[in-house]
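Engineer: output the structure for:
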Amino acid sequence: MQPELCERLTCLLDDRVRFSLPLARHTSFRIGGPADAFAEPDTLEELQTLLVLLHAASVPVFLLGGGTNILVSDKGVRGVVVKLGEGFTYVRWQEAAEDATVHVGAANSLGRFVREAVRKGYRGIEFAEGIPGTVGGGLLMNAGAFGGELSAVVMAITGVHCDGRRERLAGETLGFAYRRTALPAQFVVAEVEFHLLRGQADAIAAVMSKAQQKRQKTQPHGYPNAGSIFKNPPGTYAGRLIESAGLKGHSHGRAQISEQHANFIVNTGGATAADVRVLMEQIQRTVWEKNNIWLEPEVRLVGEW
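Structural biologist: As a prediction, the model looks like this:
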């Protein structure tokens, strides 16, 4: 990265921009090489200025949320990794008799927002308790579990284009599908608007509790991981296919297919991105050979491969 650009980034963000920063500490896998630059804007205006600056310099941008559902290359990420700062962790409620519109900063914890909504007696998002990461990251992958998806409660999003333009996009224009959202190219989500309905507090809390218990029982704990590695194919479950292929507990290097849930790969200590990718490819080949089904990754491969 050119010294002049590094200087301009430092002038804009001061100590909230760092160079050659290892990303392992910023991912739930605890895996990842260095970013050329790591920038944390705290306001919408800083984000707009930053994106304009990087666009003019033709520098690639990767938006990092909570670091879940991604596998960052051991070689790291070229360009600038942007992680929204504390200024994007707000929650603003507009409550009426039967419903509420909630403006949530994209960097706010999804789990924290879910628990707040349940405490207030609102339904529609309780399924997301236990889904790691940020609200913005959940939006980008249309996070879902136990039959629910964020798309059902998203009213609109607000974000910034690479040329600095701010735009609000209605939920029905976002092209939601299974584990994906269709956003404009290089669009950075800054805020998500939710529409939630009031419900019976006890019943909502019971649903959330059931989701918590199921996650505790079925998903691995104690080792870093990135969540589900593969999407569920139509009519079946990725974990079931992987387990029936005899791969549960199989390892490569310091990465292991979880013995508790076969659609998770865990970092047993010092695993590399290459270790994880080898396991992913072995899973895909073996499941294809046994079931003629090619598993599509839910985890995004990020950086220089």
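Engineer: would you mind listing the buried residues in stretch 120-130?
Structural biologist: Buried residues in stretch 120-130, counted by 16 or more other CB atoms under 10 Å: 121, 122, 123, 124, 125, 126, 127, 128, 129, 130. Every residue, glycine included, has its C-beta placed from N, CA and C.
Engineer: can I get it in PDB, CA atoms only?
Structural biologist: Only the C-alpha atoms of stretch 120-130 are listed here, as PDB (Å, rounded to 0.1, in the frame of the first residue of the first chain):
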ATOM      1  CA  LYS A 120     -39.500  -6.500  25.600                       C
ATOM      2  CA  GLY A 121     -42.000  -9.100  24.400                       C
ATOM      3  CA  TYR A 122     -41.500  -8.900  20.700                       C
ATOM      4  CA  ARG A 123     -41.700 -12.000  18.500                       C
ATOM      5  CA  GLY A 124     -40.300 -12.900  15.100                       C
ATOM      6  CA  ILE A 125     -36.600 -13.000  15.800                       C
ATOM      7  CA  GLU A 126     -36.300 -15.400  18.800                       C
ATOM      8  CA  PHE A 127     -35.000 -18.200  16.500                       C
ATOM      9  CA  ALA A 128     -31.800 -16.300  16.100                       C
ATOM     10  CA  GLU A 129     -30.700 -16.600  19.800                       C
ATOM     11  CA  GLY A 130     -27.300 -18.200  19.700                       C
END
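Engineer: mind checking the SS state of the residue nearest the centre of the chain?
Structural biologist: By CA atoms, centre = their mean, the chain has its centre lying nearest to residue 137, at 3.5 Å. Following DSSP: H, G, I helix; E, B strand; the rest coil, residue 137 is assigned to helix.
Engineer: list the contacts of residue 145.
Structural biologist: The contact partners of residue 145, taken as CB atoms under 8 Å, 6 or more residues apart in numbering, are 127, 128, 130, 131, 211.
Engineer: how far away is it from residue 65?
Structural biologist: Note on residue 145: its distance to residue 65, by CB to CB, to the nearest Å, is 17 Å.
Engineer: max-length strand in the chain?
Structural biologist: strand 188-198 (DSSP state E).
Engineer: so what touches the helix or strand just after that strand?
Structural biologist: For strand 188-198, the succeeding helix or strand toward the C-terminus, using DSSP states H and E, is helix 201-218. Residues outside helix 201-218 that contact it (CB under 8 Å, 6+ apart): 114-115, 118, 121-123, 126-127, 129-130, 145-146, 260-261.
Engineer: okay, the contacts of residue 145 in JSON lines with secondary structure next?
Structural biologist: Supplementary listing: the contacts of residue 145 in JSON lines, determined by three-state DSSP:
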{"residue": "127", "secondary structure": "helix"}
{"residue": "128", "secondary structure": "helix"}
{"residue": "130", "secondary structure": "coil"}
{"residue": "131", "secondary structure": "coil"}
{"residue": "211", "secondary structure": "helix"}
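Engineer: any chance of those in a markdown table, with pLDDT and distance to residue 102 too?
Structural biologist: Shown next, in a markdown table, are these (pLDDT from 0 to 100; distance: CB to CB, whole Å):
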| residue | pLDDT | distance to residue 102 |
| --- | --- | --- |
| 127 | 82 | 16 |
| 128 | 83 | 13 |
| 130 | 77 | 19 |
| 131 | 81 | 17 |
| 211 | 75 | 20 |
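Engineer: ok, of those residues, which one's closest to residue 85?
Structural biologist: Proximity of the contacts of residue 145 to residue 85, judged by CB to CB, is greatest for residue 131, which lies at 21.9 Å.
Engineer: how many neighbours does the closest one have?
Structural biologist: 22 (other CB atoms under 10 Å).
Engineer: was I right to think it contacts residue 113?
Structural biologist: No - judged on CB atoms under 8 Å, residue 131 makes no contact with residue 113 at a distance of 10.7 Å.
Engineer: from residue 303, how far out is residue 269?
Structural biologist: Noted for residue 269: a distance of 21 Å to residue 303, by CB to CB.
Engineer: the two: who's more crowded?
Structural biologist: Counted by other CB under 10 Å, residue 269 and residue 303 do not tie: residue 303 has more neighbours, with 22 against 9.
Engineer: can you confirm residue 71 is in a helix?
Structural biologist: No - using three-state DSSP, the assignment for residue 71 is strand, not a helix.
Engineer: domain parsing for the chain?
Structural biologist: Following automatic domain parsing, the chain resolves into domains at 3-86, 89-218, 238-302.
Engineer: using a markdown table, lay out those domains together with distance to residue 226.
Structural biologist: Shown next, in a markdown table, are those (distance: least, CB to CB, whole Å):
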| stretch | distance to residue 226 |
| --- | --- |
| domain 3-86 | 5 |
| domain 89-218 | 9 |
| domain 238-302 | 5 |
